[in-house]
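Asker: build me a structure from this.
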Amino acid sequence: MILAAVRLAYVSTCTVSSRELDEPLAATAATARTWLLIEQPGPWGVDALRHSRLDAGLGADLSGRSEGTGVRVALIRRPGPHAHRSGTGSRRVFAAHTVPGRSWIRSARLDALDELWGLDLAGLGAGRHSGLWEPHRGDPLALVCTNGKRDRCCAVLGRPLAAELAASGDADVWEVTHIGGHRFSPTLVVLPHGYAYGRADAPLVKEVLTALRDGHVVTGHCRGRSCWERPGQAAELAVRDLTGEPHADALTVTGTRPHSDRARGAADLGDAWAVTVSHRDGRSWRVNVVAAADRPPIAASCGAALTRQPPMEISAITALTPVSPAASVTSEASPASARRLRPRRHR
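Answerer: Residues are numbered from 1 along each chain as shown. The predicted structure is shown next:
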């Protein structure tokens with residue numbers, strides 16, 4: 001047990017540093033409106049699309065064509081020993097769109113991956129599946145990042161979590177190559193809704209999946225919804241904290257524009273945003289989001305140089321279209337109240 005603890009501390013430097021600095025999880029999810037997932041057993045390299053048993057030409061093609069489409073391409077495999085698994089045979093593929101009110105998963109089992117060469121990635125990124133494959137009617141997909149060649153923390157912390165979830169039989173769980181945020185390991189994304197979570201354990205994941213089966217969101221340890229950019233992720237979670245709204249598809253980010261927030265020390269337009277979050281019942285809020293500049297530098301992954309990773313903070317939330325007089329109160333955040341409006345931090 002002592003040896004395991006020493007080994008964990010050694011290989012999870014970025015994870016330990018992130019925890020020690022109390023780095024917020026909110027608004028750190030990788031951005032992707034649509035996820036394209038390809039089952040590929042066997043080992044994965046640092047750039048898994050090019051360095052695995054997947055045809056390297058196909059991996060390069062998908063990686064290149066997905067740029068600018070809103071599609072994130074990743075490899076998946078079932079938890080368990082993988083080094084000697086064959087990379088041939090029929091494989092599962094999934095396409096999952098994550099925008100609220102229009103989320104879906106399409107899936108197929110393919111004997112060959114030839115049809116992926118001509119896949120309409122721009123259409124998938126825009127939410128058009130055009131009848132591709134079959135609708136996925138099972139549980140939400142839980143994708144746990146486990147690629148140790150990309151970052152050691154993902155293997156040491158992610159693979160045991162994926163194995164535990166698989167052994168429980170309560171989750172449709174897959175290992176995935178890369179979803180960003182190594183320092184928040186174990187980290188995962190849940191589809192089709194696209195919510196990412198960090199510093200996760202099996203009870204949390206089971207809670208998340210149970211809630212999503214009913215269309216609800218667990219905000220604890222939530223990194224954000226992948227269809228939004230980071231300011232939008234922060235704004236949506238802040239409105240959920242303010243209102244207690246649990247429904248996954250109730251809130252939509254309907255606008256983001258640069259905003260000068262000199263009171264919070266963000267005079268540059270690239271450091272602050274005014275984000276509009278709308279509720280399906282007609283309410284909406286303007287959320288002022290600031291990239292905090294006062295945080296110390298941190299390693300984004302094990303062995304990486306220290307760099308600034310400014311968290312998104314909330315300086316004000318203003319109700320724009322209340323449905324009742326009680327909802328018309330404006331929550332303009334003073335420096336003290338701003339801390340209360342920040343998306344929750346979790347240790």
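Asker: Arg150 reaches Ile179, doesn't it?
Answerer: No - using C-beta atoms under 8 Å, Arg150 is not in contact with Ile179, being 10.1 Å away. The C-beta positions use only the backbone N, C-alpha and C, and glycine is treated the same way.
Asker: low-confidence stretches in the stretch 201-347 of the chain?
Answerer: Applying pLDDT under 70 to the stretch 201-347 of the chain flags residues 261-270, 322-347.
Asker: and the strands in it, which stretches?
Answerer: 222-225, 251-258, 272-279, 284-291, 298-299, 306-307, 312-319, 330-332 (DSSP state E, counting those that start in this stretch).
Asker: now the helices for the stretch 1-150 of the chain?
Answerer: Assigned by DSSP state H, counting those that start in this stretch, the helices in the stretch 1-150 of the chain fall at 2-11, 13-20, 56-66, 121-125.
Asker: for the shortest one, name the packing helices and strands.
Answerer: Meaning helix 121-125. With contacts defined as 3 or more C-beta pairs under 8 Å, 6 or more residues apart in numbering; DSSP states H and E, helix 121-125 has these neighbours: strand 34-39, helix 56-66, strand 71-77.
Asker: neighbours of the spatially closest residue to Ala56 that is not a sequence neighbour, how many?
Answerer: Distances taken as C-beta to C-beta, 6 or more residues apart in numbering put Arg50 closest to Ala56, at 5.2 Å, once the chain neighbours are dropped. The tally of other residues near Arg50 (other C-beta atoms under 10 Å) stands at 15.
Asker: kindly report the same for the one 10 residues further on.
Answerer: Using other C-beta under 10 Å, the number of residues around Ala60 comes to 13.
Asker: now do Ser301
Answerer: Count around Ser301 with other C-beta under 10 Å applied: 18.
Asker: contact partners for it?
Answerer: Neighbour list for Ser301: 14, 150-151, 153, 182-183 [criterion: C-beta atoms under 8 Å, 6 or more residues apart in numbering].
Asker: circling back to that earlier point, wait, which of the helices of the stretch 1-150 of the chain is closest to His247?
Answerer: Closest to His247 of the helices of the stretch 1-150 of the chain, according to C-beta to C-beta: helix 121-125, at 24.7 Å.
Asker: mind listing what's buried in the closest one?
Answerer: Of the residues in helix 121-125, 121, 124-125 count as buried by neighbour count, 16 or more other C-beta atoms under 10 Å.
Asker: Ser278 and Thr321, how far apart?
Answerer: 8 Å (C-beta to C-beta, to the nearest Å).
Asker: check Leu242 too.
Answerer: 15 Å.
Asker: those two: who's more crowded?
Answerer: Per other C-beta under 10 Å, whichever of Leu242 and Thr321 has more neighbours is Leu242, with 17 against 13.
Asker: which one is the more buried one nearest to, not counting chain neighbours?
Answerer: Ile317 (5.8 Å).
Asker: isn't the one you found up against Trp285?
Answerer: Yes - the pair Ile317 and Trp285 passes the contact test of C-beta under 8 Å, sitting 5.5 Å apart.
Asker: what touches both of those two?
Answerer: 239, 242.
Asker: quickly find the element holding Val189.
Answerer: strand 188-191 (DSSP states H and E).
Asker: do the same with Ile179
Answerer: Per DSSP H and E, there is no helix or strand for Ile179.
Asker: nearest spatial neighbour of Ala166, chain-adjacent residues omitted?
Answerer: Ala166's closest residue in space is Pro79 (C-beta to C-beta, 6+ apart), at 4.3 Å.
Asker: give me phi/psi at that neighbour?
Answerer: When read as degrees, to the nearest 10, the backbone of Pro79 gives phi -60, psi 150.
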